[in-house]
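how does the following fold in three dimensions:
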Amino acid sequence: MAGRIHKIGEVNDGSATMDWMEQEQERGITITSAATTCSWETDRKEYILNIIDTPGHVDFTAEVERSLRVLDGSVMVLCAVAGVQSQSITVDRQMKRYNVPRVAFVNKMDRVGADFEKAIISIEDQLSASPVAIQIPIGAEEEFTGVIDLVSMQELRFKDEGFGEEYVSSELGDELRASAQDWRRQMLEHLSLFDDALLEKIVEEQQVEQEEIVKVLRKATLSGKITPVLCGSAFKNKGVQQLLDAVVNYLPSPYDIPPVQGDHPVTKKLVSREASESDPLCALAFKVASDPFAGQMTFVRVYSGSFEAGKTVFNPRKRKHERIGNLVKLHANKREEISVIKAGDIGAVIGMELITGDTLCPKDHPIILERTQFSEPVIDQAIEPKTKQDQDKLEESLKSLMQEDPSFRSRIDAETGQNIISGMGELHLEVMVDRLQREFRIDCKAGTPRVAYRETITQAADSETRFEQQLDGKDQFAFCRISLEPLKAGGGFEFENKLTTEELPRLFAEALEQGIQDALSNGVLAGFSLIDLKVCLVAGEYLEESSTEVAFTIAGVNALREGVRKAGPAFLEPSMKIEVVTPVSFTGEVIGDLNARHGRIRGMEEQGGIQVIEAEVPLAEMFGYSTRLRSLTQGRASFTMHFSHYTSVTESTRKILIGEPVSSG
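Numbers count the residues shown, from 1 in each chain. You can find the predicted model right below:
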C-alpha cells in the first residue's frame, strides 16, 4: 500500500515480507520482531513511518515487550470472529505499562462468523478500554464489500481486482444512512466527553466539521482515554489504506510524546530529554540480532540528539566510550546503509558490543533509561551436540541466542554436565533448537521438555562467611554478613548494600553482589534457580594486603547458600493461565479433564454456541494437552496458554523433586 515493496506477500503461502525467517514461513506465525520504514502520503503531506511487526504467539511475548518499550503508538489487530483473545489481554497490559496509545483494527471481516459489534464489545469487556468505532463494515463474511467512514460519512467500496488498493468513495446510500447515523451519534457522544466546544455543538444540534472530529479524536487517543476502531480484511488488503490514514491522524509522532526520562548514573537524579536533535544524545539498544555475515546487529531507538556513524558515544553500563559502527535502516532482513539516525527514528548499528537495555549518551550529559523487565522461562530442555568437536561451538551459539532473546537462558547442569536451555514454551525451545541446527550448523539433539521449577525462601535469616584461603600461592581474605528475606510472588531478586565505601570499598561490594547473583542459578534443594528474595549486605571486613574481588565473589556464593538453607527453602512451579474455546456440547468433558490436571476454573462465558473456559493449571500437567483436547472434542476445540505466576508445589511433587518415595495411597 505504501509502495515499499512491489509485490505483496502472504502469510498463507510463506511469502510474507516481514516474516522472513524460515521458521516463520514454515509455521505461518511471527517469531521475531521485524522493522521497516516507509512513507505514507495524505492530502496534507508525506509522513515517514517506522513500523515494527511483533509476534502474536505467547511464547514470543518478550519480542512484543521490548518493541512496545520504544514505540510511540500501536495498532492492535483483533479477529472479527474471536474478538479479544488471551494474548490480546497480555499485549494490552504491556501497552498500558508503557503508556502506548493505540488504534484497533478488526481483521478478517470476510471470514465466516465475523461480527464487528461483538468484537467491539469484547474490547470494552475484556480490556476495560473505551473503544470508539470510526468505521463500520458494509456487510460481513462473503458479503463484506467495504466500510463506512463515520468521520467523513463516506461510503468506501473496495474493488475485487488488484491488491485491494483501489476503492470507490461515494455519498451514503439511503439503505445504510440510518445505521451510520446511529453509530456516528455514539462516536460524537463519546468524543464530547473530551471537548467542551464539541459538546456544546452537539447539545445545540449544530453541524460538526470533519476537521474538528479528527482533532478531538487525536487528542483523546493520545491521552489513552479511547481506542479508535477500524475494520477490514488484511488478507485481501481491504481497509489497510484507511488504517494507515488513522495511524497518521490519531497516533503520536515523536514530538507528541512527553520527554523521555531516566536516571543520572552517579547522582541518581531524574534526567529528561526532549525529542529534539538539539538536545544531548539519548539512544536505547532494545534488540540484539546475530547476522551471519556482519556479526552482531543492535536495534536502536534514538530519543534525542543524533546517532552518527564513526563518532564515539558513552555507555554508562560499561563506564566507557565506544565507537559507533555502521548504521543501517531496516526492511525485514534487508538493510540500507545510512550515516545518521535522528531523534525519533529507529535503526540498527553493526559492530558494537551492546546488550538489550543499554543506554547510549554523551559522558558529560549521562542518562540511564529504565531497563525492560522480562518474564522468567518456564520450560527446560537438555541439549547436547552429537560430536564432542561441536561442544565449544554449541556454547558460543547459545551465548549468541541469549544475547538476542532475554527470555531464553542456557546453563550447565552442575550434576550431569549437560547444557540446559530454558524458554517460555515448547514452541519457543523448538524454534531455538531449529535455529541452532540451521543457522549455526550444529548437529545436536534435544531431550524432552520439562518444567522449569524454581526455589525460594519462606522466612528471614542471617548468614556470615569468612573466606581465608590460598589461591595461586597468594593469601585471600574476605568476610561478610548478609540478611535474607522473602519477597512477594514476582518480586525477583533485590540486593541492598548498607555499608559505606569506607566500611567496604565499592569494588569488593560489587564482587560480593556478583557472587550472590551467580549463586542464584543453583538452589540448595535441587539446583533450580532462586527467585523472590532480597539480600542485604549488613557487615564486611577486608585486609589491604590480602583481600581481592575473587575472594569476595566466593564469599558471596558461600554466604548466600548458607543463608538460604536457614531461610526455609521451598519449591515453586509455574502456573499457567489457560483459555479453552470449545463447542458448548463438550464443556463437561473439558472441565473434567482440567480438574483432573489440578486446574482451577476461573471463569466461563458462552458466546453463540461456543464456550470460553478460563482456568489456571500447573504447567507440569499441560504436556500433551493439545492431543488430549482434540480427542475430547473431536478436534473442534482450541486453547491458548501463557505464564501466570509461580506457586508452591504439592507435597507429592516436592518429594519427587528431592528424590523421596511418594506413597501410592
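
how near is the residue nearest to Gly447 when sequence neighbours are not counted to Ser422?
Leaving aside its sequence neighbours, Gly447 sits nearest to Ala382 (CB to CB, 6 or more residues apart in numbering; 3.8 Å). Where you see a C-beta, it was placed from the backbone N, CA and C, and this is true even at glycine. For Ala382, the distance to Ser422 (CB to CB, to the nearest Å) stands at 11 Å.

His642 against Phe60, yeah?
No: look at His642 against Phe60 with CB atoms under 8 Å: they stay out of range, at 10.9 Å.

more neighbours: these two, which one.
Remark: of His642 and Phe60, Phe60 carries more neighbours, 24 against 20, as counted by other CB atoms under 10 Å.

the nearest residue to the more buried one once chain neighbours are set aside: what secondary structure?
Spatial nearest neighbour of Phe60, excluding adjacent residues (CB to CB, 6+ apart): Ile31 at 5.6 Å. With DSSP: H, G, I helix; E, B strand; the rest coil as the basis, Ile31 sits in coil.

so what's the residue count around Ile31?
Here the number of neighbours of Ile31 (other CB under 10 Å) works out to 19.

Arg438: how many residues sit nearby?
Neighbours of Arg438 under the rule other CB under 10 Å: 12.

how close does it sit to Val64?
24 Å.

now Ser463
40 Å.

same check, this time on Arg335
Applying CB to CB, the value for Arg335 to Val64 is 23 Å.

so Phe467: helix, strand or coil?
Quick answer, by three-state DSSP: Phe467 is strand.

list the contacts of it.
Taking CB atoms under 8 Å, 6 or more residues apart in numbering, we find Phe467 in contact with Gln476, Phe477, Ala478, Phe479, Ala551, Phe552, Ile554, Ala555, Asn558.

before we move on, what about Arg411?
Residues in contact with Arg411 (CB under 8 Å, 6+ apart) are Asn419, Ile420, Ser422, Ser521.

for it, what are phi and psi?
Main-chain dihedrals, Arg411, degrees, to the nearest 10: phi -150, psi 170.

just grab the bridge partners of it for me.
Ile420 (DSSP bridges).

who wins on neighbours among the contacts of Arg411?
Most neighbours among those, by other CB under 10 Å: Ser422, with 23 neighbours.

distance of that residue relative to Phe408?
7 Å.

between the two, which contacts overlap?
Residues touching both Ser422 and Phe408 (CB under 8 Å, 6+ apart): Pro377.

of the contacts of Phe467, closest to Leu71?
Of all the contacts of Phe467, Phe552 has the smallest distance to Leu71: 41.5 Å, by CB to CB.

what does the helix or strand that contains that closest one contact?
Using DSSP states H and E, Phe552 maps to helix 549-566. Helix 549-566 is touched from outside by 455, 457, 461-467, 469, 471, 476-484, 507-516, 518-520, 523-524, 530, 533, 535, 542, with contacts defined as CB under 8 Å, 6+ apart.

and the following helix or strand past that helix, what does it pack against?
Following helix 549-566 in sequence order, the next helix or strand is strand 569-583 (DSSP H and E). On a contact count with 3 or more CB pairs under 8 Å, 6 or more residues apart in numbering; DSSP states H and E, strand 569-583 meets strand 454-457, helix 587-596, strand 610-618, helix 625-633, strand 638-648, helix 651-658.

what angle separates the last one from strand 638-648?
Comparing the axes of helix 651-658 and strand 638-648 via axes from the mean of the first three to the mean of the last three CA atoms, to 10 degrees yields an angle of 80 degrees.

pLDDT below threshold where in this structure?
1-30, 44, 56, 161-165, 291-294, 332-333, 414-415, 608, 663-665 (pLDDT under 70).

try 50 this time
Applying pLDDT under 50 to the chain flags the ranges 1-20, 665.

now the most far-flung residue of it relative to its centre: how far from Ser546?
What lies farthest from the middle of the chain is Gly473; by CA atoms, centre = their mean that is 48.9 Å. Separation of Gly473 from Ser546 (CB to CB) stands at 12 Å.

go on, Asp195?
Separation of Asp195 from Ser546 (CB to CB) stands at 72 Å.

of those two, who's got more company?
Each of Asp195 and Ser546 has its neighbours counted (other CB under 10 Å); Asp195 has more, 18 against 14.

what degree of burial does Phe479 show, as a neighbour count?
By other CB under 10 Å, 20 other residues sit near Phe479.

now it, which residues is it bridged with?
Arg466, Glu541.

shift numbering so it begins at 58
Okay, using 58 as the starting number, the last item reads as Phe536.

follow-up on the earlier one: so the residue nearest to Phe117 makes contact with Pro112?
Yes: between Ile88 and Pro112 there is a contact under CB under 8 Å: 5.9 Å.

which neighbours do the two have in common?
Glu120.

quick one: Ser335 is in a strand?
No: Ser335 sits outside any strand when classified using three-state DSSP, being coil.

against Gly362, how distant is it?
In terms of CB to CB, Ser335 sits 8 Å off from Gly362.

of these two, who's got more company?
Gly362 (24 against 9).

ok, now which ones touch the nearest residue to that one once chain neighbours are set aside?
Leaving aside its chain neighbours, Gly362 sits nearest to Leu338 (3.3 Å; criterion: CB to CB, 6+ apart). For Leu338, the contact set (CB under 8 Å, 6+ apart) comprises Val359, Ser361, Gly362, Ser363, Phe364, Val370, Leu417, Cys418, Pro419, His422.

which of these count as buried?
Buried members of those, counted by 16 or more other CB atoms under 10 Å: Val359, Ser361, Gly362, Ser363, Phe364, Val370, Leu417, Cys418, His422.

from the residues you listed, pick the one nearest Ile407.
Using CB to CB, Phe364 comes nearest to Ile407 of the buried ones among the contacts of Leu338, at 12.9 Å.

what lies in contact with the helix or strand that closest one falls within?
Per DSSP H and E: Phe364 is located in strand 363-365. Contacts to strand 363-365, defined as CB under 8 Å, 6+ apart, come from residues 334, 338, 340, 357, 370, 381, 384, 396-400, 404, 406, 417.

let's see 10 Å
With CB atoms under 10 Å, 6 or more residues apart in numbering as the test, strand 363-365 has contacts from 334-336, 338-340, 357-358, 370, 381, 384, 395-400, 402, 404, 406, 417.

burial count for Ala517?
Other residues close to Ala517 by other CB under 10 Å number 15.

against Met679, how distant is the nearest residue to Ile670 once chain neighbours are set aside?
In space, and not counting its chain neighbours, Ile670 is closest to Val637: 4.5 Å by CB to CB, 6+ apart. Look at Val637 and Met679: by CB to CB, they are 11 Å apart.

what about these two, which has more around it?
Set Val637 next to Met679 and count neighbours by other CB under 10 Å: Val637 wins out with 26 against 21.

surely that one and Arg687 touch.
No: counting by CB atoms under 10 Å, Val637 stays clear of Arg687, with 11.9 Å between them.
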